[in-house]
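Asks: How does the following fold in three dimensions:
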Amino acid sequence: MTASRLTRLVMLLAERREPQRLRLSREADREVLDLERRLEPRLAPPADLAHMTDWASKLNGAIARLAGLLFLADVLPTGWGEPIPTRHLDAAARLGHYFLGHALAVFDEMAADPTVDDARAVLEWIARTGAGSFSRRDAFTGLSRSRFRKIGDLDPALQLLDDHGFIRPEEPPRPSGPGRRASPRWAAHPAAAETAETAETAE
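Replies: As a prediction, this is how the structure comes out:
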């Protein structure tokens, strides 16, 4: 697909006020069902995609959307009323499984790093509690003792989330008198909760 064709597709779609409804050909529809049948066993333990079901379970939906975009780009500006043929679905499936291979490598790398896993647990806690602002002690109190035995065990996960922009440090409140120092505080980026919720429903 050339850049000019892609630009033309974007401009044509931008001018439309109503959604463009696409339909699969009968053969392409059967192929989608076949993709589903082949994917389903790979999502159950101990198959190869069991650790990333949130992501992998959406693969075939993404393939169908890619097929629609490839079809639109191929037939523009006319022919949109025709059903999507198998050749576009085949091309989309090749792209989808190419990305699946990369996703597998990324998830395997993430699973090998306990700090990433701990950071994900903190993100899920932020989403579950709706914490827009929280202290280290808040997080420690709300999270599992089997994962974080000491409050200092949280620090690598919080630092990783800070490094990636999911949270940012807040100025601690000034002490009003003698006593224990205030626990460090962070503000959560709105995307932190959104990312965690997506991971729970999409992975």
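Asks: CA atoms for contacts and neighbours, from now on please.
Replies: Will do.
Asks: how about low-confidence regions in the protein?
Replies: 1-2, 109-112, 172-181, 191-203 (pLDDT under 70).
Asks: Would you map out the domains in it?
Replies: 3-111, 114-172+183-202 (automatic domain parsing).
Asks: Now do the last one: distance to the chain's middle.
Replies: This points to domain 114-172+183-202. Chain-centre distance of domain 114-172+183-202: 17 Å, with Cα atoms, centre = their mean, to the nearest Å.
Asks: Which parts of this structure are strands?
Replies: 133-135, 167-170, 185-188 (DSSP state E).
Asks: Could you say which of the ones you listed is packed most deeply?
Replies: Of all the strands of the chain, strand 185-188 carries the top mean neighbour count, a mean of 20, counting by mean count of other Cα atoms under 10 Å.
Asks: Please look at Asp118 and Ala157 and confirm they touch.
Replies: Yes. At 5.7 Å, Asp118 counts as touching Ala157 under the criterion of Cα atoms under 8 Å.
Asks: How many neighbouring residues does Gly68 have?
Replies: Gly68 has 23 neighbours, counted by other Cα atoms under 10 Å.
Asks: again with Ser4
Replies: 9.
Asks: circling back to that earlier point, can you put the strands of the chain in TSV and add distance to Glu15?
Replies: Putting these into TSV (distance: least, Cα to Cα, whole Å) gives the following:
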stretch	distance to Glu15
strand 133-135	41
strand 167-170	38
strand 185-188	37
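Asks: and the gap between Pro169 and Val122?
Replies: 15 Å (Cα to Cα, to the nearest Å).
Asks: How about Ala188?
Replies: Ala188 is 11 Å from Val122, by Cα to Cα.
Asks: what do you get for Ala105?
Replies: With Cα to Cα as the criterion, Ala105 and Val122 are 23 Å apart.
Asks: Great, nothing more from me.
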